[in-house]
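> sequence plus predicted model, see below.
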Amino acid sequence: MTPPPAYAYIDRTEQLPDLLADLETAVEIAVDSEADSMHSYFEKVCLLQLTAGPRNYLVDPLAGLDLTPLLDILARKPLILHGADYDLRMLRIGYGFRPCQPPFETMLAAQLIGSSRLGLTALVEGCCGVRLEKQEQRSDWARRPLSPAQLDYAAADTHYLPAVAAWCRSELARLGRTAWHDESCAALVAATATDRPVDAENAWRLKGFTGLPLRELAFARELWQWRDTLAREADRPPFMIMNESGLVALAQHLSRTLNLHDFRLPRHIVGTRLEQLHQAAQRAAALPETQYPAPLARQSVVRDLEVEARVGKLRHAVTRLATELGIEPPVIASRNRLEAIAKQLPRDRQALMAAGPLLGWQADLLLPAVLELAPP
């Protein structure tokens, strides 16, 4: 069994000068972060992992450190990340961090190389012959002190990233896909610069609520609001207050009777929480039918046989291209994007990029097949 990598744990201000000096001289820096989304409502970065040359650092953002100088250096340096979407979003939300240049993203690289497995564990095992232990993946990273197992796990996540990146760079160059990766990484940075759109009006509509009768749906909406309020107040993920199946069962029960004595609630739903639950149930029971939430209207689908035929041709073309390139078809274009293209029939590269939308390298691959769909 490979011993865990050595690391320096940074949780005191006096440790920062040496760390900053080391990062300033680094050619590139491998970066990862751990957050507490599985344990908190208001998720935050709880640990920052860095590898610069032979040295690994674990920086504690919860220790009251001023991370501004560190993040300024990271923004200027070439970075390596794996599964960077979440890390970049969390660092932007928490600290306003944005890299000045796209990082080298090893998961994107693995997709473009055609690797059968994209996870960091698989890539490290393939490149370095080391099996990463993942038992601490769902740890509560906000609790202090962190355990030795957590720290070992965290340090390994960046320790092997430079070796993985080196292998990916070599394979991308061999396949002539370095420019594809560069463009994909730039698109990733752009995508993480803003928050994903949220449909606030329908945020309460959990998957399990689909198909409930309207009266039960009214109770489900009130129960979701009750659960969300408790989760915010306790700073706990909503599922820790009550899981989705529990909400569905409770909505069905309350729609028949407001008596909770024969319903098995989680043990922590007592006192004020139980009273708030009663109030939510009473609000739902008092609603007139005219104020019940309507089920989401299903968009009527008008079949266009000509468009469907084009989609079929494009899917065949994408499958053929993907097979030739040794990658998965969605890496070139997803079905939804092919449908958008089939409807719009773009006639040049720029129009095709806008229609998909597609990246430039994706449009270059697909344009010949699109031009065959109809005469210019």
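The structure has been received and is ready for your questions. Residues are numbered from 1 along each chain as shown.
> do you know how far the nearest residue to Ala84 once chain neighbours are set aside is from Ile332?
Nearest in space to Ala84, with sequence neighbours left out and distances taken as CB to CB, 6 or more residues apart in numbering, is Glu105 at 4.9 Å. Placement of C-beta: from N, CA and C, glycine included. Per CB to CB, to the nearest Å, Glu105 is found 18 Å from Ile332.
> next: Gly96.
According to CB to CB, Gly96 and Ile332 sit 34 Å apart.
> compare the two (neighbour count), which wins?
Counted by other CB atoms under 10 Å, Gly96 and Ile332 do not tie: Ile332 has more neighbours, with 22 against 10.
> where does the stretch 1-150 of the chain dip in pLDDT?
Low-confidence segments of the stretch 1-150 of the chain, defined by pLDDT under 70: 1.
> any idea how this protein splits into domains?
Using automatic domain parsing, the domain ranges for the chain come out as 8-191, 200-291, 305-371.
> host element of His168?
That one is not His; residue 168 is Cys. Using DSSP states H and E, Cys168 sits in helix 161-175.
> what's the mean pLDDT across the helix or strand just after that helix?
Proceeding C-terminally, helix 161-175 gives way to helix 178-191 as the next helix or strand, assigned by DSSP H and E. Taken as a whole, helix 178-191 has an average pLDDT of 97.
> give the other helices and strands that helix 178-191 contacts.
Using 3 or more CB pairs under 8 Å, 6 or more residues apart in numbering; DSSP states H and E as the contact test, the elements touching helix 178-191 are helix 84-95, strand 104-105, helix 106-113, helix 161-175, helix 360-371.
> sec struct for Leu48, please.
Under DSSP: H, G, I helix; E, B strand; the rest coil, the three-state class of Leu48 is strand.
> can you pull up the bridge partners for it?
Ser33, Val59 (DSSP bridges).
> isn't it up against Asn56?
No - assessed by CB atoms under 8 Å, Leu48 is found out of contact with Asn56, at 11.6 Å.
> between these two, who's got more neighbours?
A count of neighbours by other CB under 10 Å puts Leu48 above the other of Leu48 and Asn56, at 25 against 22.
> could you look up the SS state of Pro99?
Strictly by three-state DSSP, Pro99 counts as coil.
> wait, it sits on Ile80?
No - using CB under 8 Å, Pro99 is not in contact with Ile80; the gap is 11.2 Å.
> run through the residues that contact the residue positioned nearest the centre of the chain.
The residue lying closest to the centre of the chain (CA atoms, centre = their mean) is Tyr86, at 4.8 Å. Tyr86 is in contact with Ala35, counting by CB atoms under 8 Å, 6 or more residues apart in numbering.
> surely Ile80 forms part of a strand?
Yes - under three-state DSSP, Ile80 sits within a strand.
> when you give positions from now on, start the count at 18
Yes, from this point I'll number from 18; that puts the last item at Ile97.
> all the helices of the stretch 218-367 of the chain, residue numbers only.
231-251, 255-258, 261-271, 288-303, 322-342, 346-349, 352-361, 366-372 (DSSP state H, counting those that start in this stretch).
> would TSV of those with distance to Asp28 and mean pLDDT be doable?
Shown next, in TSV, are the helices of the stretch 218-367 of the chain (distance: least, CB to CB, whole Å; pLDDT from 0 to 100):
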stretch	distance to Asp28	mean pLDDT
helix 231-251	26	97
helix 255-258	27	96
helix 261-271	37	97
helix 288-303	35	97
helix 322-342	46	96
helix 346-349	41	97
helix 352-361	45	96
helix 366-372	46	97
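> between those helices, which gets nearest to Thr211?
Across those, Thr211 has its closest neighbour in helix 366-372 (18.6 Å, CB to CB).
> any idea how far Ile27 is from Leu37?
From Ile27 across to Leu37, the span is 10 Å (CB to CB).
> who has more neighbours, these two?
More neighbours surround Ile27 than the other of Ile27 and Leu37, with 22 against 13 (other CB under 10 Å).
> quick one: contacts for Ala166?
By CB under 8 Å, 6+ apart, the contact list for Ala166 reads Gln152, Glu153.
> what's the helix or strand for it?
Going by DSSP H and E, Ala166 is part of helix 165-176.
> got the CA positions of that helix in PDB?
The C-alpha trace of helix 165-176 is given here as PDB (Å, rounded to 0.1, in the frame of the first residue of the first chain):
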ATOM      1  CA  PRO A 165      -5.600  12.300   9.900                       C
ATOM      2  CA  ALA A 166      -7.600  10.200   7.400                       C
ATOM      3  CA  GLN A 167      -9.300  13.300   6.100                       C
ATOM      4  CA  LEU A 168      -6.000  15.200   5.700                       C
ATOM      5  CA  ASP A 169      -4.300  12.300   4.000                       C
ATOM      6  CA  TYR A 170      -7.200  11.900   1.600                       C
ATOM      7  CA  ALA A 171      -7.200  15.700   0.800                       C
ATOM      8  CA  ALA A 172      -3.500  15.900   0.200                       C
ATOM      9  CA  ALA A 173      -3.600  12.900  -2.300                       C
ATOM     10  CA  ASP A 174      -6.200  14.700  -4.400                       C
ATOM     11  CA  THR A 175      -3.700  17.200  -5.700                       C
ATOM     12  CA  HIS A 176      -0.400  15.300  -5.100                       C
END
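> hmm, back to that, what sits against the residue nearest to Ala101?
Contacts for Glu122 were tallied using CB under 8 Å, 6+ apart; they are Leu98, His99, Ala101, His198, Ser201, Cys202, Leu205.
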